[in-house]
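Novice: Here you go, sequence then predicted model.
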Amino acid sequence: MEESNPAKKEEEEEEKKKAGTTNLPAAAAVPAVLTDDLIVEILSRVPARSVHRFKCVSPSWRDLIADPGNRKKLPQTLAGFLYDTYHRVNPDVREFHFASVSATAGAAPPVDPSLPFLPRDEHHLYVAHVDTCNGLLLCLAHMAPASSPSSTDMVESHYVVCNPATARWVDLPPHPKAPASVMARLAFDPAVSPHFHVLQFAKTDQEECITGVDIYSSRTGAWNRRETTRSVEKFNLYFDATSVFFRGMLHLLGWLQPMNLEADVDAVLVAVDMDGQVWETMRVPSRGISFGKIGLSQGCLHYATTPLGDVGRNTVIASVWYMKDYDSKEWVLKHTVCKNELGGITSVDYKVAAIHPDCDTIFLDSCEVDILASYDMQRREFRHIRHLEKYMACVFLPYVPFFSDSLAGADGQ
């Protein structure tokens, strides 16, 4: 039997290590072994944020991810926000804009807010942006009556759902009329179904409560009225707040009726399913009277508040919670942002405008100086995004491109 030689074994191990570093492919060369189709298949299974970061791996990966032919397979991240401003001459008419959140200077915006692919005729006045959901955009087309196209006293309207990335659209049938103004929200999840829903709520007086909802389904092509169930608490809705479609239910911010301004527990999330059969009210964290915002980020519901009426260098700009367990409705405080964390810009008052869907970033806006900014809660970094136009409205609609050609009931392309 050959005698064991520790020195010789050590020498052999060293030779193996050297051989491994010289004969095996280097780590940087491993991606070259993969075909483009296999890389795209792998990237289609990772979060959108990771796909965005993988553009930095190499020029070939950057081109592969940016290729229009691969976009349909890859998850997309937040591109920016659609928002509108009041017309300076006619306050009933809006002007529409897009604010990109990309750090790439000079990059072309991924969406034209004028939506030039939608058909127009002499009766169209303008098309308002109402809501977005997973790449689709809900619009309200305002038209003058055909009998009197020059008159705007009796404006007619109908909803349009479109995909700005593919220029496909659906004209919805006339929506149910309401004695007062209405609020409409879009619900769409391409991972579950190619069909979408539009939910329309009639605005009530502050002291009254919501009694039901009109729901349009692209599957049936028709509107249906659904009343609130008797088991749900009486509530009203904030008509200027965005909504979240999650777990098959539309979530909206509201408050319980009768309203109690001194009670923190009055603020609620209202959830309704797409059949209008299931209604829920969920308490949200509150620290007195504040401006609230909901969002879906990294697979969890998030809720952010900005206290009203508080001033000073250590003023809390935002408190951000996430729902750790949807079944138990447990909220966990994620971060609190104070004004002194925003670098040298401490004289400006901000409120939360939106929550990033893929990372721990919130977006802040200030009507005072017309600025849109972002704040990375992990790195504690504040970044100015852009100056906004004057007479800006308060709602920012997040836009995530959706490159699938599939749009249930599409009229055109």
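Specialist: Great, that's in hand.
Novice: From now on I want contacts and neighbour counts done on CA atoms only, so please keep to that.
Specialist: Noted.
Novice: Apart from its neighbours in sequence, what residue is nearest residue 320?
Specialist: Nearest residue to residue 320, sequence neighbours excluded (Cα to Cα, 6 or more residues apart in numbering): residue 304, at 4.4 Å.
Novice: next structured bit after the strand or helix carrying the one you found?
Specialist: Taking DSSP states H and E as the criterion, residue 304 maps to strand 300-307. Once the chain leaves strand 300-307, the next helix or strand it forms, by DSSP H and E, is strand 316-325.
Novice: got the angle between that next one and strand 300-307?
Specialist: With axes from the mean of the first three to the mean of the last three Cα atoms, to 10 degrees applied, the angle from strand 316-325 to strand 300-307 works out at 150 degrees.
Novice: How far does stretch 133-140 sit from its chain's centre?
Specialist: Centre-to-centre, stretch 133-140 and its host chain are 10 Å apart (Cα atoms, centre = their mean, to the nearest Å).
Novice: Give me the residues contacting that stretch.
Specialist: Applying Cα atoms under 8 Å, 6 or more residues apart in numbering, the contact partners of stretch 133-140 are 127-132, 157-165, 185-190, 245, 399-402.
Novice: number of nearby residues for the residue nearest to residue 320?
Specialist: 29 (other Cα atoms under 10 Å).
Novice: hey, C-alpha coordinates of the strand or helix carrying residue 126 in CSV?
Specialist: Residue 126 is part of strand 124-133 when elements are defined by DSSP H and E. The C-alpha coordinates for strand 124-133 follow below in CSV (Å, rounded to 0.1, in the frame of the first residue of the first chain):
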residue,chain,number,x,y,z
HIS,A,124,-64.1,65.0,-29.5
LEU,A,125,-63.1,67.7,-26.9
TYR,A,126,-60.4,65.8,-25.0
VAL,A,127,-59.5,62.4,-23.5
ALA,A,128,-58.9,62.5,-19.7
HIS,A,129,-56.6,60.0,-18.0
VAL,A,130,-58.6,58.3,-15.2
ASP,A,131,-56.6,55.4,-13.8
THR,A,132,-53.9,52.9,-14.6
CYS,A,133,-53.4,49.2,-13.7
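Novice: hang on, the earlier thing: just the buried residues from the contacts of stretch 133-140, in ChimeraX please.
Specialist: Selecting only the buried entries of these in ChimeraX, with 16 or more other Cα atoms under 10 Å as the criterion:
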select :127,128,129,130,131,132,157,158,159,160,161,162,163,164,165,185,186,187,188,189,245,399,400,401,402
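Novice: Tell me where the chain has helices.
Specialist: Using DSSP state H, the helices of the chain run over residues 6-23, 30-33, 36-43, 48-53, 59-66, 68-71.
Novice: what about the stretch 201-350 of the chain, any weak spots by pLDDT?
Specialist: Applying pLDDT under 70 to the stretch 201-350 of the chain flags residues 260-265, 287-289, 309-314, 343-347.
Novice: shouldn't residue 333 be in contact with residue 322?
Specialist: Yes. Taking Cα atoms under 8 Å as the definition, residue 333 is a contact partner of residue 322 at 6.6 Å.
Novice: Same drill for those two, tell me which one is more crowded.
Specialist: For residue 333 and residue 322, the more surrounded residue by other Cα under 10 Å is residue 322, and the numbers stand at 25 against 15.
Novice: give me every residue that touches residue 274.
Specialist: For residue 274, the contact set (Cα under 8 Å, 6+ apart) comprises 197, 215, 248-250.
Novice: Please produce a ChimeraX select command covering the buried subset of those.
Specialist: In ChimeraX, a selection of the buried entries from the contacts of residue 274 looks like this (16+ other Cα under 10 Å):
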select :197,215,249,250
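Novice: Identify, from the contacts of residue 274, the entry nearest to residue 101.
Specialist: The closest of those to residue 101 turns out to be residue 250 (Cα to Cα; 25.7 Å).
Novice: Would you mind naming the residues that bridge with residue 280?
Specialist: On DSSP bridges, the residues paired with residue 280 through beta bridges are residue 271.
Novice: Just the pLDDT for residue 66.
Specialist: Here, the pLDDT recorded for residue 66 equals 70.
Novice: if we can go back for a sec, sort out for me which of the contacts of stretch 133-140 are in strands.
Specialist: Among the contacts of stretch 133-140, the members found in strands (DSSP state E) are 127-132, 157-163, 185-188, 245, 399.
Novice: what about residue 334, distance to residue 365?
Specialist: Separation of residue 334 from residue 365 (Cα to Cα, to the nearest Å): 20 Å.
Novice: quick one: which of the two has more around it?
Specialist: More neighbours surround residue 365 than the other of residue 334 and residue 365, with 25 against 16 (other Cα under 10 Å).
Novice: Can you give me the neighbour number for residue 172?
Specialist: Residue 172: 21 neighbours (other Cα under 10 Å).
Novice: and residue 305, what does it touch?
Specialist: Residues near residue 305 by Cα under 8 Å, 6+ apart: 286, 290-293, 318-320, 352.
Novice: Okay, and the beta partners of it?
Specialist: residue 292, residue 319.
Novice: distance of it from residue 324?
Specialist: 17 Å.
Novice: can you check residue 230 too?
Specialist: Look at residue 230 and residue 324: by Cα to Cα, they are 28 Å apart.
Novice: Look at the two and report which has more neighbours.
Specialist: Ranked by neighbour count (other Cα under 10 Å), residue 230 and residue 324 place residue 324 first, with 15 against 9.
Novice: now the more buried one: how far from residue 249?
Specialist: Residue 324 is 17 Å from residue 249, by Cα to Cα.
Novice: How about residue 317?
Specialist: Distance from residue 317 to residue 249, by Cα to Cα: 29 Å.
Novice: cool, residue 142 as well?
Specialist: Residue 142 sits 29 Å away from residue 249, going by Cα to Cα.
Novice: picking up where we left off before, out of the contacts of residue 305, the closest to residue 177 would be?
Specialist: Each of the contacts of residue 305 was scored against residue 177 by Cα to Cα, and residue 293 proved nearest at 28.5 Å.
Novice: looking at the helices of the chain, which has the lowest confidence?
Specialist: helix 6-23 - the lowest mean pLDDT of those, at a mean of 51.
Novice: Kindly check the end-to-end length of stretch 266-281 for me.
Specialist: End-to-end distance for stretch 266-281: 10 Å, by Cα to Cα.
Novice: no wait, stretch 115-130
Specialist: By Cα to Cα, the extent of stretch 115-130 from end to end equals 13 Å.
Novice: And stretch 193-209, by the same measure?
Specialist: End-to-end distance (Cα to Cα), stretch 193-209: 32 Å.
Novice: go on, stretch 66-86?
Specialist: Span of stretch 66-86 from end to end, Cα to Cα: 35 Å.
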